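[1] Okay, here's the prediction I keep looking at, along with the sequence it came from:
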Amino acid sequence: MTIYNVTGIINFAQGEFAMLGAMVLVSLGPLGLPLPVGVAAAVAAVTLMGGLVERLTIHPARGASAVTLIIITIGVDIAVRGIALLIWGTDPYPLPPFTAGPPLRVAGAIITRQGVWILGTTALILAFLYVFFEHTYPGKTLRACAINPLSARLSGIRPDRMSLLAFALSAGLGAVAGIVIAPLTLVSYDMGLNLGLRGFVAAIMGGLVNPAGAVAGALLLAVLENLAAGLFRAAYKETVAFVVLFLILFFRPHGIFGRGARGGL
Amino acid sequence: MAPALLSARGLAKTFGGVVAVADVTFDVPAGEIRAIIGPNGAGKTTIFNLITGIFPLDRGEISFRDHGLNGLSTWQRAQLGIARTFQNLQIFTNMTVLENAMVGRHRQSRAGLLAAAFRTPGSRREEARIREHALACLGVVGLEARRDDPAGSLPFGQQRLLEIARCLATEPTLLLLDEPAAGLNLAETDALGRLILSLRRRGITILLVEHLMDLVMGISDSVLVLNYGQVLAQGSPEAVQNNPAVIEAYLGAEVADA
């Protein structure tokens, strides 16, 4: 979504950055690094990979239409998953929770300790994005690039540098997301696909440009999925994301919380 | 005669089979207000797009402060000190007025992304400097009271002023104004004329595309008249107004229309 905000394209490879973050952390396991160091190293590595992906795939095609670039990201998604399959194989890897211990009881609900980590990390990332885009100068220039690339260029802003920053930034954030959820889901080469799809649906629900809207969308989607699984059959869970995607695109193309004034791609 | 700040030699640009600019040569000395006039489709806005690098030239050369501009991209030209406004406004609508002006300071910003992300003292100081300068630019056009309003909520005339303020924030040497009076009422147009003159006093050279003859003739040092992508005449406002070819091709036609 950060990339969409800056470059106007949807990055379908975003889920793979989450997979890479978790995989790199798993691979660093044998080194016996303390967890914070390992996480920092994995996030840094994936941030670099995000920049590399932009330079190798998006940058050479700069100036192409948004649809072309979006299709490129789909290609990147498939390629990265394929490479991950070659490196790490098909077996899922476990990642221990960040803090051991029994699940917590909060107001009658049961929540795992890792769940607390996920909520906390989400809040932190949201706060970071808010401060970055609203209160720092580079954040503002990134937004300017998204709103009106022509005026941004005429103000002396290099759009290709901004695109690089956006990819690196969202790869890093994706890696963080992949790492915090990995202890709950196991780490496998194809985990990015599902994450990317759900993330995309959540972002659409939130209206694509609004990080807080996307989080709200994600929560709503998760509730719907689990309701479907509970009320009908567990197999329906996977269908929910797609059905929601269709419904949103049919009836609320600017997102549930969108005001509707914004043009499409 | 002062050395030319901007020098255009034999500019040509064709879109499909349509010749927008056929062969245009002119010099703009530093410190001048130069108007470009001509009937619709004469190639005025195309010349702006060629100077700012939005379209590549088919033929010809543009140099600015003795730099050849051919082959430079739009942002590089902006960094050399060329700023422009648009006939149909191009502001950052869902940012505030002040943020719009701050974006113009990009050329002067140094702090890295990481420094800004972690809010280091250096990046905070720089942001404060950027904010202060952007506010000063809003002051020049009289928009400082609207600083925190969303730019899209300003009335049309003020959005136009905001676009000029964003240009000023880049500290341009050359400012291109594309029909700045379009859609302004009489009082706003008068104020715009005074603003343009005050910008020149700040040392900014101005190239102005404008249809409103009162404004053009009132503030320009010299006028370039285009017709069908070619230079029809150039000279002082008086000389151009009395040029029979100009009267025939342009002023005459407009009077007849009116």
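    That came in fine, so what should we check first?
[2] Give me the number of neighbouring residues for residue B:190.
    Residue B:190: 15 surrounding residues under other C-beta atoms under 10 Å in any protein chain shown. C-betas here are computed from N, CA, C, even on glycine.
[3] average pLDDT for the strand or helix carrying it?
    Here residue B:190 is covered by helix B:186-201, with elements defined by DSSP states H and E. Mean pLDDT, helix B:186-201: 92.
[4] Show me which positions of it end up buried.
    When neighbours are counted by 16 or more other C-beta atoms under 10 Å in any protein chain shown, the buried residues of helix B:186-201 are found to be B:188-189, B:191-193, B:195-196, B:199-200.
[5] before we move on, what about stretch A:111-131?
    If you call a residue buried by 16+ other C-beta under 10 Å, then stretch A:111-131 has these buried ones: A:114-118, A:121-122, A:125, A:129.
[6] Can you show me the CA trace of it as CSV?
    As requested, the backbone C-alpha atoms of stretch A:111-131 are provided in CSV (Å, rounded to 0.1, in the frame of the first residue of the first chain):
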residue,chain,number,x,y,z
ILE,A,111,-5.3,-14.5,23.0
THR,A,112,-1.9,-16.0,22.4
ARG,A,113,1.2,-14.1,23.5
GLN,A,114,2.2,-13.9,19.8
GLY,A,115,-1.1,-12.3,19.1
VAL,A,116,-0.3,-9.5,21.5
TRP,A,117,3.0,-9.1,19.6
ILE,A,118,1.1,-8.9,16.3
LEU,A,119,-1.3,-6.3,17.6
GLY,A,120,1.5,-4.2,19.1
THR,A,121,3.6,-4.4,16.0
THR,A,122,0.6,-3.4,13.9
ALA,A,123,0.0,-0.4,16.1
LEU,A,124,3.7,0.6,15.9
ILE,A,125,3.8,0.3,12.1
LEU,A,126,0.7,2.4,11.8
ALA,A,127,2.1,5.0,14.1
PHE,A,128,5.4,5.0,12.2
LEU,A,129,3.6,5.4,8.8
TYR,A,130,1.4,8.2,10.2
VAL,A,131,4.4,10.1,11.6
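[7] what's the domain layout of chain B?
    Split into domains by automatic domain parsing, chain B comes to B:1-81+B:172-258, B:91-171.
[8] longest helix of chain B?
    helix B:121-141 (DSSP state H).
[9] Identify the residues contacting the helix or strand encompassing residue A:71?
    Here residue A:71, judged by DSSP H and E, is contained in helix A:66-88. Contacts to helix A:66-88, defined as C-beta atoms under 8 Å, 6 or more residues apart in numbering or on different chains, come from residues A:7-13, A:15-16, A:19-20, A:23, A:26-27, A:53, A:57-58, A:61, A:189-190, A:192-193, A:196, A:265.
[10] Contacts only, for the residue nearest to residue B:42 when sequence neighbours are not counted.
    Nearest residue to residue B:42, sequence neighbours excluded (C-beta to C-beta, 6 or more residues apart in numbering or on different chains): residue B:226, at 4.0 Å. Contacts for residue B:226 were tallied using C-beta under 8 Å, 6+ apart; they are B:24, B:36-38, B:42-44, B:47, B:232.
[11] Restrict the helix or strand containing residue B:226 to CA atoms and write it as CSV.
    In this assignment (DSSP H and E), residue B:226 forms part of strand B:222-227. Provided in CSV are the C-alpha atoms of strand B:222-227 (Å, rounded to 0.1, in the frame of the first residue of the first chain):
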residue,chain,number,x,y,z
SER,B,222,8.6,42.4,-24.4
VAL,B,223,6.2,40.2,-26.2
LEU,B,224,6.7,37.2,-28.5
VAL,B,225,3.8,36.6,-30.9
LEU,B,226,3.3,33.0,-32.2
ASN,B,227,1.1,31.9,-35.0
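[12] Could you pull out the buried residues of the following helix or strand past it?
    Counting by DSSP H and E, the element after strand B:222-227 in chain order, helix or strand, is strand B:230-235. Counting neighbours by 16+ other C-beta under 10 Å, one finds that the buried residues in strand B:230-235 are B:230-234.
[13] circling back: in the sheet, which strands lie alongside the strand holding residue B:226, parallel or antiparallel?
    Paired with strand B:222-227 in the same sheet, following DSSP bridges, are strand B:33-37 (parallel), strand B:230-235 (antiparallel).
[14] distance between the helix or strand following the longest one and the chain's centre?
    It refers to strand B:230-235. Remark: after strand B:230-235, the chain's next helix or strand is helix B:237-241, criterion DSSP H and E. For helix B:237-241, the separation from the chain centroid amounts to 22 Å (computed by C-alpha atoms, centre = their mean, to the nearest Å).
[15] can you check stretch B:169-188 too?
    The answer for stretch B:169-188 is 6 Å, by C-alpha atoms, centre = their mean.
[16] Would you pull up how far the helix holding residue B:190 lies from the middle of the chain?
    Averaging C-alpha positions (C-alpha atoms, centre = their mean) puts helix B:186-201 14 Å from its chain's average.
[17] neighbouring contacts of it?
    Here helix B:186-201 makes contact (C-beta under 8 Å, 6+ apart) with B:31-33, B:140-142, B:157, B:160-161, B:164, B:168, B:175, B:177, B:180-181, B:184, B:206, B:208, B:212, B:214-215, B:218-219.
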